[in-house]
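Novice: Sharing a model prediction with you, sequence too.
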Amino acid sequence: MSSQLRPEQVDILVGSPAVNDEFSKKARELDRRLQANGMSYRDWDILNDRQHDIFSNDMFLSGDCAGSVEDYVKGAVESCGCPDTEEDLHHHSPVLMREIEKQQEMLPDMTVKISESLNNLNGLIDNILEEQLLLEGSGRGVQLEWATVYWALKESVSPEVLAQRVEAAPKLELYGDGEMQGDAKQCVALLKKDGVDLSKAQHSDEANIPGDPEPKTDIIFGNNIRVSVKMTGVIQLTSSQGKRTALMFKAVRDELLNDPAWAEKLEQDILKDIVKRVESIPTKMIDPKNLAKALARKFKQATAMMKDGSLLDDKNWKIWEENNKIRIGTDVVSYCKNNEEFHYRLIEEAATGKRVFGPDNLATANYILTPRYYGPIDKDYILKMMKKTKIQIRAKSRSGITAATMRFDLSDAAEVAAEAQQVRSESPTEEMLQEGIKDIIGKWWKKLKGVVIGWYTKNIERIARGAMQDLEVTIESEDS
């Protein structure tokens with residue numbers, strides 16, 4: 001994410017009054033949580049990892065980041081840069097993320113000279129491009145949620161009421177006037193067109209909607225309209241570690257077992273084996289290339305995964321990945337293909353959370369909103385999602401410690417919505433399809449050129465660094 005920042009830029013972040021104020025508020029809340037349980041923030045350094053994770057949840061990337069403002073800043077700067085980490089930081093540390101991005105914009109241009117060809121370059125570029133496309137929908141998705149609430153209120157309540165809401169939740173104005181303003185206004189226009197009462201808009205954080213796992217609802221308009229907000233482009237329906245993903249599988253399985261019409265068709269032995277393997281997906285491993293980082297930032301955890309100076313095989317991400325990642329993912333996809341009703345309900349659960357939370361719970365989403373579409377998460381929409389959702393296992397790393405997560409990645413929520421809407425209308429003629437395809441291809445190509453150019457500019461140094469073992473690379477930088 002921000003590993004390119006110079007040491008002096010990190011020092012600026014550590015000394016930033018805004019960052020210090022955000023950290024101080026978090027530390028006070030952390031102390032409140034601890035005191036409610038007979039402990040104190042003064043004793044933070046002697047608490048164990050589990051206590052760190054529990055009490056710092058939703059405020060810090062990890063318990064290590066809560067020790068001081070320097071740890072707070074460096075934990076973010078040295079994080080892996082995966083979309084989930086960006087999402088977390090934008091969600092609970094918006095001021096810190098804003099200041100980091102300001103420092104990123106001040107970095108000098110980099111010139112990279114590559115002396116010879118690289119056999120693995122295409123694969124490397126594909127991996128980084130996929131991550132970048134996901135990143136485009138991360139972080140900013142949280143901003144879009146808050147910005148949509150802000151502009152919904154701006155159109156429906158008095159300036160005095162809006163000011164009171166902003167005072168209680170500063171993120172409203174922070175993100176409302178930010179880069180997602182245009183997309184948020186498009187969302188509000190769709191809501192308004194559908195007759196939604198904009199004055200009832202509340203972000204799920206404002207409404208204190210509890211949920212474990214995280215609520216699927218991002219915005220509510222009263223109790224009956226519970227909206228999941230998605231960006232245009234690649235998004236994650238869900239991304240959870242094995243045990244939580246297994247709970248979702250079990251919820252769908254148990255529902256089907258209670259229905260005689262489906263119980264006999266369920267292939268229970270196969271499903272039981274899949275759930276067992278998903279549930280046992282490790283939560284703490286180390287990729288050998290991150291071992292030095294893990295030892296520097298998580299020494300106790302890292303050394304517990306080692307013997308005689310080497311990683312234990314069952315704690316080595318690369319070994320686990322080779323033996324399990326593709327097999328588990330393939331078996332899940334194959335089972336879903338052979339059991340369409342299970343697949344349907346699994347995707348429905350990933351999108352709504354209706355079985356884990358309950359169908360009428362505020363945490364359960366029943367509408368989808370993008371800058372291009374607003375409508376119910378109904379049967380037509382779920383059927384389309386089934387075709388466009390990729391189920392896979394991916395690594396999620398923080399401070400050098402890797403956890404495997406099962407992700408449900410949707411290619412484009414807005415496209416799915418548009419197709420679902422088309423199903424509800426009359427069937428298109430061949431001429432309409434041809435014209436639509438031409439229009440989509442034209443827009444897609446124009447957007448792709450911009451994405452590739454922007455991605456290449458941002459990631460050329462990273463490509464070169466990843467190829468160090470195969471290339472002779474010279475990196476030159478002009479001081480700003």
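Specialist: In hand now; what should we look at?

Novice: and the closest residue to residue 293 other than its chain neighbours, what does it touch?
Specialist: Closest residue to residue 293 apart from its sequence neighbours, by C-beta to C-beta, 6 or more residues apart in numbering: residue 400 at 3.5 Å. (Glycine included, C-beta is placed from N, CA and C.) If a contact means C-beta atoms under 8 Å, 6 or more residues apart in numbering, then residue 400 has 286, 290-298, 302 as its contacts.

Novice: where along this structure do the strands fall?
Specialist: 110-114, 201-203, 219-221, 225-229, 235-241, 306-307, 310-311, 367-370, 373-376, 389-398, 401-410, 473-477 (DSSP state E).

Novice: Please name whichever of these is nearest to residue 326.
Specialist: Among the strands of the chain, strand 389-398 comes nearest to residue 326, with 8.3 Å by C-beta to C-beta.

Novice: average pLDDT for that closest one?
Specialist: When pLDDT is averaged over strand 389-398, the result is 85.

Novice: Stretch 335-352 too?
Specialist: 94.

Novice: Identify each buried residue in it, please.
Specialist: Residues of stretch 335-352 classed as buried by neighbour count (16 or more other C-beta atoms under 10 Å): 335-336, 339, 342-352.

Novice: Please compute how far it lies from its chain's middle.
Specialist: Between the centre of stretch 335-352 and the centre of its chain there are 21 Å (C-alpha atoms, centre = their mean, to the nearest Å).

Novice: Using CSV, list the CA coordinates for it.
Specialist: The C-alpha trace of stretch 335-352 is given here as CSV (Å, rounded to 0.1, in the frame of the first residue of the first chain):
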residue,chain,number,x,y,z
TYR,A,335,-20.5,-29.1,-5.7
CYS,A,336,-22.4,-25.8,-6.5
LYS,A,337,-22.6,-26.7,-10.2
ASN,A,338,-24.1,-30.1,-9.3
ASN,A,339,-26.5,-28.7,-6.7
GLU,A,340,-28.1,-25.6,-8.1
GLU,A,341,-30.5,-25.0,-5.2
PHE,A,342,-27.6,-25.0,-2.7
HIS,A,343,-25.7,-22.7,-5.0
TYR,A,344,-28.6,-20.3,-5.3
ARG,A,345,-29.1,-20.1,-1.5
LEU,A,346,-25.4,-19.8,-0.9
ILE,A,347,-25.1,-16.8,-3.2
GLU,A,348,-28.3,-15.3,-1.7
GLU,A,349,-26.8,-15.7,1.8
ALA,A,350,-23.5,-14.1,0.7
ALA,A,351,-25.4,-11.1,-0.6
THR,A,352,-28.0,-10.7,2.1
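
Novice: Helices - which of the buried residues of stretch 335-352 land there?
Specialist: Among those, DSSP state H puts 335-336, 342-352 in helices.

Novice: Make a markdown table from these and add distance to residue 239 to it.
Specialist: Output for those, formatted as a markdown table (distance: C-beta to C-beta, whole Å):
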| residue | distance to residue 239 |
| --- | --- |
| 335 | 20 |
| 336 | 17 |
| 342 | 20 |
| 343 | 18 |
| 344 | 20 |
| 345 | 19 |
| 346 | 15 |
| 347 | 14 |
| 348 | 17 |
| 349 | 14 |
| 350 | 10 |
| 351 | 13 |
| 352 | 16 |
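
Novice: Pick out whichever of these sits closest to residue 265.
Specialist: residue 342 (9.0 Å).

Novice: That closest one contacts residue 335, doesn't it?
Specialist: Yes: between residue 342 and residue 335 there is a contact under C-beta atoms under 8 Å: 7.3 Å.

Novice: Now do the shared contacts for those two.
Specialist: Common neighbours of residue 342 and residue 335 (C-beta under 8 Å, 6+ apart) are residue 271.

Novice: Any regions of the protein where pLDDT drops low?
Specialist: Scanning the chain for pLDDT under 70 picks out 1-4, 80-84, 86, 107-139, 412-415, 417-480.
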